[in-house]
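K.L.:
A structural model of the following input is requested.
(chains A, B, C and D)
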There are 2 protein chains.
Amino acid sequence: MSEVKVLTTGEAAKYCGVNFRTVIRWIERGKLKAYKLPGRGDHRIQVEDFVAFMRANQMPVPAELQGQQRSVLVIEDQPEMANAIRRVLMRNGYEVEVARDGFSAGALLSRMKPGLVTLDLKMPGMDGYEVLSFIRGHEEHAHTKVLVISAETVAGLERAKSLGASDILPKPFENQELLLRVEALIG
Amino acid sequence: MSEVKVLTTGEAAKYCGVNFRTVIRWIERGKLKAYKLPGRGDHRIQVEDFVAFMRANQMPVPAELQGQQRSVLVIEDQPEMANAIRRVLMRNGYEVEVARDGFSAGALLSRMKPGLVTLDLKMPGMDGYEVLSFIRGHEEHAHTKVLVISAETVAGLERAKSLGASDILPKPFENQELLLRVEALIG
DNA sequence: GGGGTAAATGTCATGTAAGACAGGTAAAAA
DNA sequence: TTTTTACCTGTCTTACATGACATTTACCCC
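P.N.:
Sure thing, here's the model as predicted:
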C-alpha cells in the first residue's frame, strides 16, 4: 500500500525557516501545491510538491526529503556501461537501479519515481527518443531530470535536447564528468 | 465471487496522511461514508466512497484505488489492432489504455495497475514472453490477468500458458470473442 | 545614502480540529 | 487453537486556521 508522505504547514515552515502563516499564504496564492482536510481545513503538502517548490526557489533541500530525489534510474543495455555508471553513483550516495530493456525501464520509472534518469539513446529494441517523450509527456514525471548519455550524432543530441533532455553527456566520458553533471541536476 | 474492496480506518488514514482518529471523526461527522462491524464497531469504508471523498477534497487519489478492476492495458504496436480492441472494450464500460512499446507498457502497468492486460506476443523490439514473466514475477501484479492475443504457433502459445497467461486468444478473432474472454476474466 | 511606499512576512489571540496515549478487545494471522 | 495485530473509545495535549495588526523587506526616487 502506498503510504503518502505529506507535510503540515508547520513542518514546511520549519524547513523553509519561515512562519507557518507564510506557508499558508504561499498555498493560497497557488505558489505551493497542497490539499485541504475537510475538518478545520488543515493543509497537507506532498513531499514531492514541496521539494519541487524548494528547488524552483533555490532553497536548499534537506537530505531527509530528498529520498527519491537522490535516486537514479539507469536505462542502459550494456552491462559494463551500466555497472560503471552504477558504481560511480552509488559510491557517492545515490540509490541506483538499472533497467536493461524498455519494459522494465518503464516499470521502474513508475515505481521508483527517480529524481534522475540516465538514458542511452541507442539501444536495441527501444527508441530513446520515445522514452524521452513519454517522460516529458506525463505530468507525474515533470520533476524527473533526464541525462542523456550517448554516442549519437550532434543532430541526434540536439533532437534529444529539444525533446526535453535536462543535460547531455557524450560517450565516452570520465567518471568525474558524469558525477558533475548528476550533481548539477539533483545534487 | 466479486471481492468487495473496503478499507479500514488505518488504511484510509495512511492514504490521506492523517491519524486514524481523525478519519473516525470524519466518519462520525458524516463527511466520509462508512459502515460499522457489529463486534467492536470497526469501520469499513468502501473504496468507491473513499475515492469520492478524496476527489471532493482535492486529495490526490492513488492509482491503486481507481477502479483498476475494470481497467485494461492493451500492449499492442499495430495501431489498427490496438484501436479495434480499445473500441470494443470501451463500448462495454472498460477503462482502456494502449501501450505501443515496451517502455510505456511497463510504465503504464506500474501506474494504473490494471485488472487485465492484453498482450501481443510478437512485437518489434519487445519480447512478449519477458513481459509475461515480469508480470508473473512481481507480487504487486499477482492479481493482474493476462490475455495473450497472438498469431503465434501452437508451441508459442503453449509456452505463454506455461508462463502464466490467464487465457489465450488466437488471431484473427471476432470482437464478440474478445469481449467474452475479457468478461470471463474480469467481468 | 535617506526617505517613502507597497508587498511580504511575522505576531498575537481565539476557536477548534488533529494527534497522542492508555486500556480494552475484536479481528486477523499463525 | 493461540498469538499477534490493529482498531475503538475517552480524554488530554498539541498545533493549525483565521483575522487583525505590526514589522520587515525590497524597491524606487531623489
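
K.L.:
What ranges does chain A have for its helices?
P.N.:
A:9-16, A:20-28, A:47-56, A:63-66, A:79-91, A:102-112, A:128-137, A:154-162, A:175-186 (DSSP state H).

K.L.:
Quick one: residues contacting A:Thr118.
P.N.:
By C-beta atoms under 8 Å, 6 or more residues apart in numbering or on different chains, the contact list for A:Thr118 reads A:72-76, A:85, A:147-149, A:182. Any C-beta I mention is one placed from the backbone N, CA and C, and that applies to glycine too.

K.L.:
Now the residue in chain A that DNA strand D sits nearest to. Nearest residue, chain neighbours left out?
P.N.:
The minimum distance from chain A to DNA strand D, using C-beta to the nearest atom of the strand, falls at A:Gly10 (2.4 Å). Distance criterion C-beta to C-beta, 6 or more residues apart in numbering or on different chains; nearest residue to A:Gly10, sequence neighbours excluded, is A:Phe20 at 4.8 Å.

K.L.:
Isn't the one you found up against A:Leu7?
P.N.:
No. Applying C-beta atoms under 8 Å, one finds A:Phe20 not in contact with A:Leu7, separated by 10.8 Å.

K.L.:
mind listing what whatever residue of chain A ends up closest to DNA strand C touches?
P.N.:
Using C-beta to the nearest atom of the strand, the closest approach of chain A to DNA strand C is made by A:Gly39 at 2.3 Å. Going by C-beta under 8 Å, 6+ apart, A:Gly39 touches B:22, B:25-26, B:29, B:31.

K.L.:
just to revisit the earlier point, of the helices of chain A, which shows the lowest average pLDDT?
P.N.:
Mean pLDDT per stretch puts helix A:63-66 lowest among those, at a mean of 82.

K.L.:
Show me what from chain A comes close to DNA strand C.
P.N.:
A:17-19, A:21-22, A:25-26, A:37-40, A:42 (C-beta under 7 Å from any atom of the strand).

K.L.:
Other residues contacting stretch A:129-145?
P.N.:
A:48, A:51-52, A:55, A:75, A:102, A:105-106, A:109, A:113-117, A:119, A:121, A:146, A:148, A:159-160, A:163-167, A:185-186, B:101, B:103-104, B:107, B:111.

K.L.:
if we can go back for a sec, now the helices of chain A as a markdown table including mean neighbour count?
P.N.:
Shown next, in a markdown table, are these (neighbours: other C-beta atoms under 10 Å in any protein chain shown):
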| stretch | mean neighbour count |
| --- | --- |
| helix A:9-16 | 18 |
| helix A:20-28 | 16 |
| helix A:47-56 | 18 |
| helix A:63-66 | 12 |
| helix A:79-91 | 15 |
| helix A:102-112 | 24 |
| helix A:128-137 | 19 |
| helix A:154-162 | 14 |
| helix A:175-186 | 16 |
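
K.L.:
Having no further points to raise, I will conclude here.
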